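> Okay, sequence plus prediction incoming.
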Amino acid sequence: MTTSTALLLADLTGVAVFAASGASAAVVKRLDLFGLIFVGVVAALGGGIFRDLVIAEAPPLAFADWRYAVTAAVTAAAVFWLHPHLARLRTTVLVLDAAGLALFTVTGTLKALDAHVPAVGACMIGMLTAIGGGLGRDLLTGEIPVVLRREIYAVAALAGSIMVALLSAYGQATAVPLTAAALLVFGLRLISLRRQWSAPVAALRPPRTGTRGTLPGPSGSPGGPM
């Protein structure tokens, strides 16, 4: 199997996984069939479209290769019909999302490197490719995007993209090491959910209590509250 074929299979697998994730989230929100497929397609193709536009691959593969859109739409439709058999949809969504995050991190970083993007830029593109689909899914289903919460999400993708860039720099960008990079992202995401790891947030000072100051009135007498 050639590298291009392996990348295509990994890309299509990521498309299918994110489409299932988006469709599962749409089921929870009680969307109709069209809405479910639309969310699934956006979740599956959003990150890849961003990646291709950034590396100047026009038109993006999502539009140029019918297999991408068909894979996303068919997978989302399958979730619509099969969701009664999927127990604990929330857990299913999280696992599928973690798998899609891992696959798109690897393929996005590799494609950026193949397009001769410097390593730092390739890591950023890999991370944004991975989180783009989930961002679109959450916005369409009325959720606060996962990437903006305290959860370890974009950080996991960034760690995986850095590992891919290092493997490529040392000539080790083959199937087994790249699978290990994908498993790193997948495992880090699931472990962080299990152990409730989170990124730090800014500490807010508690509001002051007591009498608030007053503004002086026209004649120098106390006026209204500040």
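Alright, I've got the coordinates.

> Look up how far Arg195 lies from Val41.
33 Å (Cβ to Cβ, to the nearest Å). Backbone N, C-alpha and C define where each C-beta goes, glycine included.

> These two - which one has more neighbours?
Under the criterion of other Cβ atoms under 10 Å, the comparison of Val41 against Arg195 puts Val41 first, with 25 against 9.

> ok, how many other residues are close to the nearest residue to that one once chain neighbours are set aside?
In space, and not counting its chain neighbours, Val41 is closest to Ala72: 4.6 Å by Cβ to Cβ, 6 or more residues apart in numbering. Applying other Cβ under 10 Å, we find 28 residues neighbouring Ala72.

> OK, contacts around Ala72?
By Cβ atoms under 8 Å, 6 or more residues apart in numbering, the contact set of Ala72 is 15-16, 18-19, 40-41, 44-45.

> Equivalent analysis for Gly47, please.
By Cβ under 8 Å, 6+ apart, the neighbours of Gly47 are 18, 104, 108, 128-133.

> let's see it at 6 Å
Listed by Cβ atoms under 6 Å, 6 or more residues apart in numbering, the contact partners of Gly47 are 104, 129, 132-133.

> where does this protein dip in pLDDT?
1-3, 85-89, 150, 207-226 (pLDDT under 70).

> Okay, the spatially most central residue of it and Ile144: tell me how far apart.
Central residue check for the chain by Cα atoms, centre = their mean: the C-alpha nearest the mean position is that of Ile131, 2.2 Å away. Taking Cβ to Cβ as the measure, Ile131 falls 14 Å from Ile144.

> need the contact list for the residue nearest to the centre of the chain.
147, 154, 157.

> Most neighbours of all the residues you listed, which one?
Sorting these by how many neighbours each has (other Cβ under 10 Å) puts Ala157 first, at 30 neighbours.
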